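Enquirer: structure of the sequence below:
(2 chains)
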Amino acid sequence: MLKTFKIGGVHPPENKLSAGEKIQVLPVPEQVVILLNQHIGAPATPIVKKGDTVKTGQLIATAGGFVSANIHSSVSGTVVAVDSVPDAAGLSKPAITIKTEGDEWMPEINREGEAAWDTLSKEDIVKAIAAAGIVGMGGATFPTQVKLTPPPGNKAEFLIVNGVECEPYLTSDHRVMLEKGEQIIVGVQMLMKAIGVSKAVIGIENNKKDAIAHLQQLASTQTGIEVCPLQVKYPQGGEKQLIQATTGRAVPSGALPIAVGAIVQNIGTVLAVYEAVAKHKPLIERIVTITGKSVKHPGNYLCRIGTPVSKLIEAAGGMPEDTVKVIGGGPMMGRAMVNVDSPITKGTSGILLINEKEGARRPMRSCIRCGKCVSACPMGLEPYLLARLAMANLLERLEEERVMDCIECGSCSFTCPSARPLLDYIRLGKGRTGAMIRNRKK
Amino acid sequence: MDKLLISPSPHIHSGDSIERNMYGVLIALIPAFICSVLFFGIGAIIVTLTSVVACLFFEYVIQKFILKRQPTIWDGSALITGVLLAFNVPSNLPVWIIIIGALVAIGIGKMSFGGLGCNIFNPALVGRVFLLISFPVQMTTWPLAEGFHSSYVDAATGATPLSLLKAAVKSGESVNTYLMDEGFVGYGNMLLGNMGGSLGEVAAFALLIGFAYMLIRKIITWHIPVTIFLTVFIFGGILNVCDPEQFVNPLFHLLSGGLMLGAIFMATDYVTSPMSHKGMIIYGVGIGILTVLIRQFGAYPEGMSFAILIMNAFTPLINRYCKPKRFA
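Expert: A predicted model of the protein is given here:
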């Protein structure tokens, strides 16, 4: 019996259409738009101005606070604007626009070879990661150097690498594990050194048997790295779910993974760490899946950060006629995009085009109290109740019923036979309850 | 593609629906219906048809003309109420009584609370208990299982295992000797359904086939029915061990009356049963204990309907105090 998390979970159709497609390099676009808040935390502060020429990999904005990240140019060329542009949601966000001229890389980036890193200290590795502007690439985009420096009094016991990719459709992590396995193993060792642990577990769902076998073979010659095959169940890639699946430990309500000695990093992040430390390469490109039932050529592309999403859609054969929704991320937790000309960011794991048939929703019916949402909730909450309390705006009751534990995985809405948008209500209630709790602390 | 849709996640849905679950339950009721026709003849068909048509009719009329809503009679819930009400009455019940039962089930049991999802009590049981109290003679005149035949209200009648048990308890004699003397049909016949009783409740094996079907299609979970079976068996067993003269073999409880029908199809009604697995188990234990208590000590021979209705009333409380197992 394969390991998995203990309560709840659902089995959405996997639809991994692009699993067999090798990573292709998307041509460098004529112009990139690099957002200054591609991470959680303070936006980065620009250090270039209109008219400056920049090289690929050059620092163009520095971290704007402790929780923030550096930003580098993903192309070489001229800065044409430092202003605000509409992002994927159509909201105006600060950004640097660069017109591409050639592709001249910063000289210190070691594109072919690999620099020796075993002489580097723990601090050197964390410093290199911070300098490279690496953030969590599974979608949460939390700055990685912050995650690697646990608050005093906490001791990491093991590194957990998230190769689960439990979102339907997405295959970018799968391809990275298959095609860049060697680099992943080295990246894992770098991270183990950075947090001072001797044990790492790579969690992979059993629908990626080839990746499991490949990494198991590579890890067998190394000490302390274990590949852990997991049952296929959504949301296994949730941080708390993955920690429980691989170690059996449950992160308490409101606590961080470090409370049980774990630090979790995504596969894409591990690759970025490898490139930052061994090749001095900042985070300027990432693997993005472009997929959807009506898409002509679903695939996985290595894209420069700042490339318009529309370029990626073109590469996959153009936007199908019957597209009704464009999602940044997977179908369970991704965000619907208003603006397909918005740029790919550090957190874009995939672009999913939803066709008319899949996007159709039945009208909401009354709750028949079947309890299926309760069975599906991986946090052991009662979604029907939270939704009802949120509608009535009973914030104290919501807090009592642990609305803040909700990880917004969407299993409740996915499973509801009455097609009730439970998570929409819960998000609303969670936001208001969170604000109430913050005000109380003041 | 002119405009893109914007909505919060998740962007896909399981495809599960009220209809899928409700019609699933109806499919699971087919084996029991076939058995009832084989045992009770044409009466089973007349009673079921009358009840279903009446339930749909009242649901439509109330939704359309009184609540002034879009009627949703084909969501399957009124169909289930109709079938279950029919399964809970004798197969020789006059048509006009069935229609009154359907009116009470749909009108009072369901619509007066606001319709599907809002009712506190199982509508079919509300109808059934109303009829039992209002028409005690007709509701307890049980046709014998005689194989398929075309007589309806004039079918031959006789005792059911449970009415024998009640008589035995009242007589003060040893239960087992009394049952044997009065022509108890035996456990094999009880499993097959070859005994007197309400039309849909007799064939235990056919109901169990329906249970398996609903489990496979994930329409219900095992928690409520299995807890009821175990509670009745264990509690009945303890009583039986304490005093076999007064308390009958627990297998008798499991196979007689509406226990299987109630545990599998009525106690598991989504709307009126608890939401969490822990709550379902408490609810099941309650039903099991109350059923045995009513059968052995109460005035009525059968306790299943009352036990389920009583536990229905406790469901909101169980939901309030019985939280699912949290992540941590």
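
Enquirer: near the nearest residue to A:Gly268 once chain neighbours are set aside, how many other residues are there?
Expert: Nearest residue to A:Gly268, sequence neighbours excluded (CB to CB, 6 or more residues apart in numbering or on different chains): A:Met137, at 3.5 Å. Glycine gets a C-beta too; all of them are placed from N, C-alpha and C. Using other CB atoms under 10 Å in any protein chain shown, A:Met137 has 27 other residues around it.

Enquirer: how close does A:Met137 sit to A:Ala128?
Expert: As judged by CB to CB, to the nearest Å, A:Met137 and A:Ala128 stand 16 Å apart.

Enquirer: please tell me how far A:Leu17 sits from A:Gln145.
Expert: A:Leu17 is 35 Å from A:Gln145, where distance means CB to CB.

Enquirer: element containing residue 119, please.
Expert: No chain specified, so I'll use chain A. Assigned by DSSP states H and E, A:Thr119 belongs to no helix or strand.

Enquirer: um, chain B though
Expert: For B:Asn119, there is no helix or strand it lies in under DSSP H and E.

Enquirer: which one is it nearest to, not counting chain neighbours?
Expert: B:Phe113 (4.2 Å).

Enquirer: tell me who's in contact with whatever residue of the stretch 301-442 of chain A ends up closest to chain B.
Expert: Nearest residue of the stretch 301-442 of chain A to chain B: A:Gly410, at 3.3 Å (CB to the nearest CB). By CB atoms under 8 Å, 6 or more residues apart in numbering or on different chains, A:Gly410 lies in contact with A:332-333, A:423, B:9-10.

Enquirer: how about the nearest residue to A:Asp424, chain neighbours excluded?
Expert: Closest to A:Asp424 by CB to CB, 6+ apart is B:Pro8, at 5.3 Å.

Enquirer: give me the below-cutoff pLDDT ranges for the stretch 51-200 of chain A.
Expert: Residues of the stretch 51-200 of chain A meeting the criterion pLDDT under 70: none.

Enquirer: and the strands in it?
Expert: Using DSSP state E, counting those that start in this stretch, the strands of the stretch 51-200 of chain A run over A:53-54, A:59-62, A:71-72, A:77-86, A:92-100, A:158-162, A:200-205.

Enquirer: same thing with the stretch 101-250 of chain B?
Expert: Assignment of strands within the stretch 101-250 of chain B using DSSP E, counting those that start in this stretch yields the ranges B:142-143, B:157-158.

Enquirer: could I get those strands as TSV with mean neighbour count, mean pLDDT and distance to chain A?
Expert: Shown next, in TSV, are those (neighbours: other CB atoms under 10 Å in any protein chain shown; pLDDT from 0 to 100; distance: least, CB to the nearest CB, whole Å):
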stretch	mean neighbour count	mean pLDDT	distance to chain A
strand B:142-143	24	86	34
strand B:157-158	14	80	38
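
Enquirer: Throw these into CSV and include distance to B:Met190, thanks.
Expert: As requested, those are exported to CSV (distance: least, CB to CB, whole Å):
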stretch, distance to B:Met190
strand B:142-143, 14
strand B:157-158, 15
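
Enquirer: which stretch among those comes nearest A:Ile96?
Expert: strand B:142-143 (85.0 Å; CB to CB).

Enquirer: who are the packing partners of that closest one?
Expert: With contacts taken as 3 or more CB pairs under 8 Å, 6 or more residues apart in numbering or on different chains; DSSP states H and E, strand B:142-143 sits against strand B:157-158.

Enquirer: how many neighbours does the residue nearest to A:Asp424 have?
Expert: Using other CB under 10 Å, the number of residues around B:Pro8 comes to 16.

Enquirer: circling back to that earlier point, looking at it, the residue nearest to A:Gly268 is touching A:Val288, isn't it?
Expert: No. Look at A:Met137 against A:Val288 with CB atoms under 8 Å: they stay out of range, at 10.4 Å.

Enquirer: A:Phe172 and B:Ile264: what is the separation?
Expert: One correction, residue A:172 is Ser, not Phe. For A:Ser172, the distance to B:Ile264 - CB to CB - is 47 Å.

Enquirer: I meant to write B:Arg217 there.
Expert: 14 Å.

Enquirer: what about those two, which has more around it?
Expert: Counted by other CB under 10 Å, B:Arg217 and B:Ile264 do not tie: B:Ile264 has more neighbours, with 27 against 14.
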